[in-house]
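S.K.: Sequence first, then the predicted structure, then my questions.
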Amino acid sequence: MVKIGIVGGTGYTGVELLRILCAHPHAQLCAITSRTEAGRPVADLYPNLRGHTDLCFVEPSEAALAGCDLVFFATPHGVAMAQAPALLARGIKVVDLSADFRLRDLDVFAQWYGMTHSAPDWAAKAVYGLPELNRADIQSADLVAAPGCYPTAVQLALAPLLAAGLVDPSDLIADCKSGVSGAGRGANVGALFAEVNDSFKAYGVSGHRHLPEISQQLSIAAGTPVGLVFTPHLTPMTRGIHATCYARLTADADLQALFESTYADEPMVDVMPAGSHPETRSVRGSNQCRLAVHRAPGSDRVVVLAVEDNLVKGASGQAVQCMNLMLGLDESAGLGGIGLLP
Ligand SMILES: NC(=O)C1=CN([C@@H]2O[C@H](COP(=O)(O)OP(=O)(O)OC[C@H]3O[C@@H](n4cnc5c(N)ncnc54)[C@H](OP(=O)(O)O)[C@@H]3O)[C@@H](O)[C@H]2O)C=CC1
Ligand SMILES: CC(=O)N[C@@H](CCC(=O)OP(=O)(O)O)C(=O)O
């Protein structure tokens, strides 16, 4: 069994890690941290875990995590870059769910996250944790930066077209919708029931911090800088991301065949039959990203639809997928959940 720690066990991605890891055939949970709930049984705060773990939350500290083989940081931006280097120096592997290690250019990081990076050496060594695009590097990594929820869906939708050179990289659009759990469990007026129920709105239109992350990664896929319009929306659902991605075709090809062959061996990506309209509820609780490719007759636009659960393939499930690769386990271990429909 591999010994696992979680920093930030009380948050939404933290409890999703717990749900997945309690049922993982090779993982043993050793330390779950919380500053606010230290001493409280984990299953007392999250009754879905009753009978699955006897652990109590502990204060975050290097000593509490020292016996782990791998530690997840499910914490706000700025925490992992301060606390992970001491664990890495002990030979403990780290998967960070925050954005601390996602961006290559630390000036861009400072501009979007409003803080100077405190671990630039580790930022240079970190591996971006999207297995479908970066599997070999993840397998040999000590530190993995798990992607953001929107960036996962948009990259899986657009990277095959860019890598094949079939679309204009300067003219990409990602129109995305998220469930409210994407904003985390912290008190936040914008996430109150009365604020989001029966309503729908865009946010971050003139600039969202996922824009530089998606642009960085799609530019790698394209081999040239991309031009992207990214518009996130908040929808009155708890979990789920729906990304509608548009690109202008510059060459003719069988797009359905391209997507099917690109993801043929990927256990976590499902390319649906031509003309499909994937639903977020079909992936709720599962680590799948479902894709569908569309092209209207006579149009030079391709439209790719992508759905995922923001807390699973968009966060904790993907982080466990990376853990499995880093520790030489079956990539799908513990990740067999099927979407909850209806
Ligand atoms: N929600 C989502 O859909 C996604 C979130 N992410 C990212 O994952 C990370 C966690 O997100 P989420 O679970 O939603 O966040 P939450 O706000 O729900 O939880 C944050 C957790 O971090 C802990 N924490 C806060 N500050 C510190 C600190 N200084 N030291 C140690 N622990 C701390 C909190 O526990 P306590 O205060 O008790 O210590 C809490 O358990 C964020 O970086 C987020 O951006 C990534 C993809 C998707
Ligand atoms: C609905 C909602 O508020 N979503 C969050 C994104 C969640 C996420 O993936 O964030 P990280 O990049 O921080 O990991 C947002 O727009 O800020």
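M.R.: Perfect, I can see it now. Ligands and ions are numbered 1, 2, ... in the order given.

S.K.: Can you pull the residues of the stretch 201-342 of the chain lying near ligand 2?
M.R.: Taking C-beta under 6 Å from any ligand atom as the contact definition, the stretch 201-342 of the chain meets ligand 2 at 210, 232, 234. C-beta here means a position set from N, CA and C on the backbone, and glycine is covered the same way.

S.K.: Among the residues you listed, which one lies nearest to residue 37?
M.R.: Of all those, residue 37 sits closest to residue 234, with 27.4 Å by C-beta to C-beta.

S.K.: tell me the contacts of the closest one?
M.R.: By C-beta atoms under 8 Å, 6 or more residues apart in numbering, the contact set of residue 234 is 177, 178, 180, 183, 190, 196, 200, 201, 203.

S.K.: One more: residue 253?
M.R.: Residue 253 is in contact with 164, 166, counting by C-beta under 8 Å, 6+ apart.

S.K.: Pop the domain breakdown of the protein in here.
M.R.: 2-125, 150-310 (automatic domain parsing).

S.K.: Of all the ones you listed, which one comes closest to ligand 1?
M.R.: When the domains of the chain are compared by C-beta to the nearest ligand atom, domain 2-125 sits nearest ligand 1, at 1.9 Å.

S.K.: For stretch 36-53, what does the pLDDT average out to?
M.R.: For stretch 36-53, the mean pLDDT works out to 96.

S.K.: nope, stretch 179-199 is what I meant
M.R.: For stretch 179-199, mean pLDDT rounds to 94.

S.K.: Any chance you could list what contacts that stretch?
M.R.: So stretch 179-199 is in contact with 10-13, 76, 149, 234-241, 280, 310-311, 314, going by C-beta under 8 Å, 6+ apart.

S.K.: on that earlier part again, which ones among the residues of the stretch 201-342 of the chain next to ligand 2 lie within strands?
M.R.: Using DSSP state E, 232, 234 are the members of those that sit in strands.

S.K.: Now tabulate the residues of the stretch 201-342 of the chain next to ligand 2 in CSV and tack on distance to residue 50.
M.R.: Listed next are those as CSV, based on distance: C-beta to C-beta, whole Å:
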residue, distance to residue 50
210, 35
232, 35
234, 32
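
S.K.: Report the buried members of the contacts of stretch 179-199.
M.R.: Listed as buried from these are 10-13, 149, 234-235, 237, 239-241, 280, 310-311, 314; burial here means 16 or more other C-beta atoms under 10 Å.

S.K.: Which member of the residues you listed is positioned nearest ligand 2?
M.R.: The closest of these, once distances to ligand 2 are taken by C-beta to the nearest ligand atom, is residue 149, at 3.6 Å.

S.K.: Walking through the stretch 201-342 of the chain, point out its strands one by one.
M.R.: All strands of the stretch 201-342 of the chain, identified by DSSP state E, counting those that start in this stretch, fall at 201-202, 228-234, 241-249, 269-271, 289-294, 301-308.

S.K.: and the last one, which residues are buried?
M.R.: This means strand 301-308. Buried residues in strand 301-308, counted by 16+ other C-beta under 10 Å: 302, 303, 304, 305, 306, 307, 308.

S.K.: List the pairing partners of the strand of greatest length in the chain within its sheet, with orientation.
M.R.: Secondary structure of the chain per DSSP E: the longest strand is strand 167-178. Next to strand 167-178 in the sheet, as set by DSSP bridges, lie strand 228-234 (parallel), strand 241-249 (antiparallel).
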